[in-house]
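> I need the structure of the sequence given here:
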Amino acid sequence: PDLVDALDSLFMARVPASWVKVSQLVAPNMGVWFANILKRAEQFTNWLRNGRPFTFWLTGFFNPTGFLTANRQEVCRKHSKDGWALDDVVNYSEVLKQERDEVR
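The predicted structure follows:
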């Protein structure tokens, strides 16, 4: 049944429900969904090849909350001698008028 449902969805240019369940992405059609997957892969590939970027496409993570928590944990580890607690660290973000490639 899953294979038949997936093939029917693909024929109708829709994302199969089983794929949405695994990827946690919701898109109106297969084209938008696949473009989003490619952008995510590009972000991770660039990170692996070039090191940590200066900016992040937060919604490009499969678990943005987990990424933000890991970010706070890293800061706490760096300041462990100062006694920083995870619950006391706050994420701060700033929306810039620059494009991603312009941020240094």
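
> Pick out the residue closest to the middle of the protein.
residue 61 (1.0 Å; Cα atoms, centre = their mean).

> Run a quick neighbour tally on the closest residue to it other than its chain neighbours.
In space, and not counting its chain neighbours, residue 61 is closest to residue 67: 4.8 Å by Cβ to Cβ, 6 or more residues apart in numbering. Where you see a C-beta, it was placed from the backbone N, CA and C, and this is true even at glycine. Using other Cβ atoms under 10 Å, residue 67 has 14 neighbouring residues.

> correct me, but residue 67 touches residue 57?
No. Using Cβ atoms under 8 Å, residue 67 makes no contact with residue 57, being 10.7 Å away.

> And residue 67, how far from residue 38?
Using Cβ to Cβ, to the nearest Å, one obtains 19 Å as the distance from residue 67 to residue 38.

> same question, residue 104
Counting by Cβ to Cβ - residue 104 and residue 38 are separated by 26 Å.

> More neighbours: those two, which one.
residue 38 (10 against 5).

> give me the element the more buried one is part of.
helix 30-50 (DSSP states H and E).

> so after that helix, what's the next helix or strand?
Past helix 30-50, the next helix or strand by DSSP H and E is helix 64-78.

> Flag every buried residue along that following helix.
Of the residues in helix 64-78, 72, 76 count as buried by neighbour count, 16 or more other Cβ atoms under 10 Å.

> Residues contacting it, please?
56, 58, 61, 84, 85, 86, 89, 91 (Cβ atoms under 8 Å, 6 or more residues apart in numbering).
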